[in-house]
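A.B. asks: when you get a sec, could you give me coordinates for this:
(chains A and B)
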Amino acid sequence: MGFLWTGAWILVLVVQSSPIQAFPTPEGSQDKPVHNKELSAERPLNEQIAEAEADKIKNIYSPENKPGESNYSFVDNLNLLKAITEKEKNEKERQSVRNSPYDNKLNMEDVDSTKNRRLIDDYDSTKSGLDHKIQDDPDGLHQLDGTPLTAEDIVQKIATRIYEENDRGVFDKIVSKLLNLGLITESQAHTLEDEVAEVLQKLISKEANSYEEKLNKPTSKTESQSGKIPEKVIPMAAVQDGFANGENDETVSNTLTLTNGLERRTETYSEDNFEELQYFPNFYALLKSIDSEKEAKEKETLITIMKTLIDFVKMMVKYGTISPEEGVSYLENLDETIALQTKNKLEKNVTDNKSKLFSAPSMKGHEETDSTKEEAAKMEKEYGTLKDSTKDDNPRGKTDEPKGKTEAYLEAIRKNIEWLKKHNTKGNKEDYDLSKMKDFINQQTEAYVEKGILDKEEADAIRRIYSSL
Amino acid sequence: MAGRGGRALLALCAALAAGGWLLGAGALEPGAPAAAGMRRRRRLQQEDGISFEYHRYPELREALVSVWLQCTAISRIYTVGRSFEGRELLVIELSDNPGVHEPGEPEFKYIGNMHGNEAVGRELLIFLAQYLCNEYQKGNETIIKLIHNTRIHIMPSLNPDGFEKAASQPGELRDWLVGRSNAQGIDLNRNFPDLDRIAYINEKEGGPNNHLLKNLKKIVDQNAKLAPETKAVIHWIMDIPFVLSANLHGGDIVANYPYDETRSGSAQEYSSCPDDAVFRSLARAYSSFNPSMSDPNRPPCRKNDDDSSFVDGTTNGAAWYSIPGGMQDFNYLSSNCFETTMELSCEKFPPEETLKTYWEDNKNSLISYLEQVHRGVKGFVRDLQGNPIANATISVEGIDHDVTSAKDGDYWRLLVPGNYKLTASAPGYLAITKKVAVPYSPAVGVDFELESFSERKEEEKEELMEWWKMMSETLNF
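C.D. replies: Predicted coordinates for the structure are as follows:
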């Protein structure tokens, strides 16, 4: 029953995120309708789940469902799945937790070979930008082996996260958000709690088992994590307290015994993380540079953030929502951006790393430079200043002109003054400034003489006329 | 007796003849002293400050200076270079902000007298400059609007040396050839780099048909075959983002448009350019206001002339007769400028008395053609920050000829009425296409804001961070 709701809100959450922005792709169109299309393409997920599990369920179905309570079509599916969970859960847990680092690592390696692919390669300068298509799998989430992602897996992931965070707050936040959005009712929220608690319980017990195996893994991070343990234990207890059902006793005891296991588990995870984080040089450098003692919490947060983000991307890639290249691209971008963000946060402590953080791997658009850009540069040079080059000719005097033209010039000047007096654009007729005009004329005639447009004599004549006005 | 009387008679006749000849030629010898010139001016027709007479080089200069002096606020004189014999190639510019290219304001030019003995164009352009100044001051709204919204460049003579030679000939002896070429004997209208050939090759093998002049330095500056006048004009064309232009000639009466050279190499063959429709419209805009040009019943200038290609006073250049290396096609194929060639008179160097009539016949055409620059589509190409993108390409779907944006990102694309798709593109930017409905006039404003590749990448990064933020809030990281 609980899986029902859990799965429901997970899927709703996933689906809800799409309209805001589907996972952006390098060739993502800005076209909103396309995103909505994706959204609607993902909706049938529940149907997919129904189809996929229908067969299994036929054999294992146990009637525990409460069908009358919801509008969600997940209801039936999740009820049916609950029965399966008992059997399959442990296997899956181990798979999802243990295999994921390896799988993802493989993924990362695959992804790595395309890491150097630049965004620019996806653009063909001869094509319009509007032609880009979205390449992701419109069918939704799939596991690597092609089977659709079950509601159970989703529940699993969330429970895992809560567990890793050691923070009940995760759950609370999600639920309150869903409640606010009106996606679930109070009773559904309660049921959800139950389910999550159940899954969490299983996780803890599983960890207890795996702890024995991992006991010998040393790590340099032991000390750094040690300070965190008391903090972690307390929230863990709080989490346990929060659960409604009578699982508290078990979980509490489990928790206490698992303190070290928790630590180990986190360490292990961190180690894996750090290996992965190699691929994020900026981030890695940042982490290294953080003073572990003072900024342990910050470091922790950072690691968690990055780790989760990487997981998300990996999952998306794994489930085919985005292509590996896109995933790499985004992680690249994130590397820079997160490094920047955290740098701002830790500015006092990491001033040394500023130079590292600001290494900008992103390409500029120059890779599209071709001969037309050269030509453009040439053209621009030729255009030169705002004024054209018509003024740049060599000066040269001309032969004497007959003085008769003085009359013509006089006439022309007279007309000019008359017109200027009438049409003074500055407003008042009285304000017409003859001296300004004279200056201008002097200047211009000089220039014209230099360029050979006027002779000296003519220029003098003109200036004389103006000065006599 | 007969001998003495005969000699006296002969002398008298000679004197009379000489006198008559002198009288006849006197009117056309402006080399006379200015005083005489002054008298001449009063004698001949004068209207509103425009003296309808031939201007030799000094008078040409004087006339332009007078226009400038009268209209200092809206005019400016400059020179694009010097002729072979050192005469300045003078241009008078008329605009509300002379000397300055105002972003978005189209540039226009008239060039006359590139064949020195084809004199009508030269004179008409001097008259036009005076007319525009006069009308502006009289408050003629059409003219005021034109001058405020256009930057008009008028070059009365591209071949002042040739004109001097032609004008020095006594009236009767002025012929079809003397003074046509420049002082070096180069026919300037065959002297431009032959870009038509390149365009035709590109048509067959694939390639552009605009901005074909690549290596300015090599092909122009270092080219010994180009006349100084030709070089000066080429630099002028490359320097100023001209949109529309006309080249005035004489010897026939017709408005001629590209291409001037046949594709096949034959002597006569209609060779349309991609903007054939636009050019026919432009040519008609001139010819329709010129009574003799548009007269369907006008007899050909010479009895055996073949003007079969003339339609409504217009003709495709190559359909009339093929020429290589002309200035008109050079404009179209090397720059954004559309140029046509106007043949204005059957006689290349007609008698001075006819100048007034030629002015009357062409006055409205000249203004009408000027107004054609305000047609089609125009606007700016900028990036998302509002910075201009110079040399962006503006292409029109269905017309295989692109124009480029000028230094301020401004562009002008002459088009006949219709619905078009315009695409603006530039290296490093995502191209944008817009649909435009173009009326006859005025020009429709269409601006483009191009997003650069790096901006798009930034956007996507931001999108991812948004998504991440949302997710992390939900899951409380």
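A.B. asks: for the rest of this, base every contact and every neighbour count on C-alpha atoms.
C.D. replies: Fine.
A.B. asks: show me where pLDDT drops low in the chain?
C.D. replies: This is for chain A. A:1-155, A:157-158, A:177-178, A:181-184, A:212-281, A:283-284, A:286-287, A:290-295, A:337-404, A:424-432 (pLDDT under 70).
A.B. asks: hmm, I had chain B in mind actually
C.D. replies: B:1-45, B:172-175, B:476-477.
A.B. asks: nearest to chain A: which residue in it?
C.D. replies: Residue of chain B nearest chain A, by C-alpha to the nearest C-alpha: B:Gln70 (4.4 Å).
A.B. asks: surely that residue meets A:Glu418?
C.D. replies: No - B:Gln70 is beyond contact range of A:Glu418, at 9.5 Å (criterion: C-alpha atoms under 8 Å).
A.B. asks: higher neighbour count, these two?
C.D. replies: For B:Gln70 versus A:Glu418, neighbours defined as other C-alpha atoms under 10 Å in any protein chain shown are more numerous around B:Gln70 (27 against 13).
A.B. asks: which ones are touching that one?
C.D. replies: Applying C-alpha atoms under 8 Å, 6 or more residues apart in numbering or on different chains to B:Gln70 gives the contacts A:Ala412, A:Ile413, A:Arg414, A:Lys415, A:Asn416, A:Ile417, B:Cys133.
A.B. asks: of the residues you listed, keep whichever come out buried.
C.D. replies: A:Ala412, A:Ile413, A:Arg414, A:Lys415, A:Asn416, A:Ile417, B:Cys133 (16 or more other C-alpha atoms under 10 Å in any protein chain shown).
A.B. asks: wait, which of those residues is closest to A:Asn209?
C.D. replies: Set against A:Asn209, the nearest of those by C-alpha to C-alpha is B:Cys133 (99.6 Å).
A.B. asks: got phi/psi on A:Ile310?
C.D. replies: Main-chain torsions, A:Ile310, degrees, to the nearest 10: phi -60, psi -40.
A.B. asks: what about it, how many neighbours?
C.D. replies: Neighbours around A:Ile310, by other C-alpha under 10 Å: 21.
A.B. asks: next one: B:Gly398
C.D. replies: 10.
A.B. asks: swap in A:Leu331?
C.D. replies: For A:Leu331, using other C-alpha under 10 Å, the count is 23.
A.B. asks: can I assume it sits in a helix?
C.D. replies: Yes - judged by DSSP: H, G, I helix; E, B strand; the rest coil, A:Leu331 forms part of a helix.
A.B. asks: got the contact list for it?
C.D. replies: A:Ile310, A:Val313.
A.B. asks: for B:Pro324, same thing?
C.D. replies: B:Arg190, B:Asp194, B:Asp196, B:Asp260, B:Glu261.
A.B. asks: any chance of these in TSV, with distance to B:His148, secondary structure and neighbour count too?
C.D. replies: TSV is the format used below for the contacts of B:Pro324 (distance: C-alpha to C-alpha, whole Å; DSSP: H, G, I helix; E, B strand; the rest coil; neighbours: other C-alpha atoms under 10 Å in any protein chain shown):
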residue	distance to B:His148	secondary structure	neighbour count
B:Arg190	35	helix	16
B:Asp194	36	coil	19
B:Asp196	35	helix	25
B:Asp260	33	coil	31
B:Glu261	36	coil	31
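A.B. asks: out of these, who's nearest B:Asp383?
C.D. replies: The closest of the contacts of B:Pro324, once distances to B:Asp383 are taken by C-alpha to C-alpha, is B:Asp196, at 34.2 Å.
A.B. asks: okay, and B:His401 sits in which element?
C.D. replies: Take DSSP states H and E as the rule and B:His401 turns out to sit in strand B:399-404.
A.B. asks: nope, A:Ala459 is what I was after
C.D. replies: helix A:456-467.
A.B. asks: tell me, how many residues neighbour B:Asp402?
C.D. replies: For B:Asp402, using other C-alpha under 10 Å, the count is 21.
A.B. asks: I'd guessed it sits against B:Asn391; true?
C.D. replies: No - applying C-alpha under 8 Å as the test, B:Asp402 and B:Asn391 come out as separate, 11.1 Å apart.
A.B. asks: can you give me phi and psi for B:Leu384?
C.D. replies: Dihedral angles (degrees, to the nearest 10) for B:Leu384: phi -70, psi -20.
A.B. asks: quick check, it in contact with B:Glu451.
C.D. replies: Yes - B:Leu384 is within contact range of B:Glu451, at 5.8 Å (criterion: C-alpha under 8 Å).
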